[in-house]
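> Return atomic coordinates for the entry below.
(chains A, B and C)
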Amino acid sequence: MGRSPCCEKAHTNKGAWTKEEDDRLIAYIRAHGEGCWRSLPKAAGLLRCGKSCRLRWINYLRPDLKRGNFTEDEDELIIKLHSLLGNKWSLIAGRLPGRTDNEIKNYWNTHIRRKLLSRGIDPATHRAVNEPPEAKTISFSPKEEAVMRERECSPPPVKREKCPDLNLELRISPPYQQNIQTESGTLCFACSTMGIHKTKDCSCGTDNNNNINININGSSSYNSGYDFLGLKGWSFRL
DNA sequence: AACTTCCTCAACCGCCCCGAT
DNA sequence: CATCGGGGCGGTTGAGGAAGT
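Below you'll find the model as predicted:
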């Protein structure tokens, strides 16, 4: 028993959107705003799944979208963000105004991957392709093994997996960073690292006493409104 | 010109998270 | 606490255009 589908598939159009469908969707959202996607198609007179409408709007029809080629700066920013965040396209898109997660994902897969490979960089790890993989085992000295034998009454393996049940509860605490003094004033951590000074995401001049907790083992949270990459009100999962 | 292969990217699918009940 | 439903996300697909033969 799976979940019921998000809409009645038998009576919905699929595939490329027509100009008329686009116009209907735009007109409806202009009049009523983005609301309940599930009920939107019916209300707008569209034979489409709500998800399809949402995707079409977000990825193609939204007025604030930037069309056209990615700049060199955008390329480099995507690479940096990907090295930090991995395939979290929506988070990456959040730092590129006018770009969508889908667009960035496509661009990554078609252009940047190749670009990195041509530089000799593995796009998945951001390490040199011929660089040996990170060590996954650690050795114990004879003395350490002796201690463990004593405790466990059984001989340990020669090598053990490095942190097999590792709970990487990383704590990233921007407040420890010293604010950077510039000609125009003091920059907060987010500004100085992400270049978002004087945007709505900038916290300069606000209370900086915030912490972010990222639990690599499947959940994440940050306490208080500020954010690691300069996104206010961010909630994200790793 | 005709055909094949490659590439791009819009769109879909299925899963997960989270708020409401 | 458990369940349900909506929204959102990342992975994948496939149509259509470009490039190569």
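> Nearest spatial neighbour of residue A:74, chain-adjacent residues omitted?
Leaving aside its chain neighbours, residue A:74 sits nearest to residue A:96 (6.0 Å; criterion: Cβ to Cβ, 6 or more residues apart in numbering). In this view, the C-beta of every residue, glycine as well, is placed from N, C-alpha and C.
> just residue A:103 next, same as before
Leaving out its chain neighbours, the residue that sits closest to residue A:103 by Cβ to Cβ, 6+ apart is residue A:59, at 6.9 Å.
> quick one, phi/psi of that neighbour?
Backbone torsions for residue A:59, taken as degrees, to the nearest 10, come to phi -90, psi -10.
> Doesn't residue A:111 lie inside a helix?
Yes - counting by DSSP: H, G, I helix; E, B strand; the rest coil, residue A:111 falls inside a helix.
> before we move on, the earlier item: can you name the residues that contact the residue nearest to residue A:74?
A:74, A:77, A:78, A:104 (Cβ atoms under 8 Å, 6 or more residues apart in numbering).
> how about 10 Å then?
By Cβ atoms under 10 Å, 6 or more residues apart in numbering, residue A:96 lies in contact with A:66, A:70, A:73, A:74, A:77, A:78, A:81, A:103, A:104.
> For it, give me the pLDDT.
We have a pLDDT of 89 for residue A:96.
> Make sure it is indeed in a helix.
No - looking at residue A:96 with three-state DSSP, it is coil, so not inside a helix.
> if I look at it, how far off is residue A:52?
Note on residue A:96: its distance to residue A:52, by Cβ to Cβ, to the nearest Å, is 24 Å.
> How about residue A:85?
27 Å.
> So between the two, which is more surrounded?
With neighbours defined as other Cβ atoms under 10 Å, residue A:85 and residue A:52 compare such that residue A:52 has more, 22 against 18.
> I'd like to know how many residues surround the closest residue to residue A:45 other than its chain neighbours.
In this structure, residue A:45 finds its nearest non-sequential neighbour in residue A:24, 5.9 Å apart by Cβ to Cβ, 6+ apart. Using other Cβ under 10 Å, the number of residues around residue A:24 comes to 18.
> Residues touching the host helix or strand of residue A:24, excluding its own?
Using DSSP states H and E, residue A:24 maps to helix A:19-32. By Cβ under 10 Å, 6+ apart, the surrounding residues in contact with helix A:19-32 are A:13, A:17-18, A:34-35, A:40-41, A:43-48, A:52-54, A:56-57, A:60-63.
> again, 7 Å this time
Contacts to helix A:19-32, defined as Cβ atoms under 7 Å, 6 or more residues apart in numbering, come from residues A:40, A:43, A:44, A:45, A:46, A:48, A:53, A:56, A:57, A:61.
> Would you mind measuring from the residue nearest to residue A:74 to residue A:107?
Note on residue A:96: its distance to residue A:107, by Cβ to Cβ, is 10 Å.
> Likewise for residue A:12?
29 Å.
> so how far is residue A:111 from residue A:118?
Distance, residue A:118 to residue A:111, using Cβ to Cβ: 11 Å.
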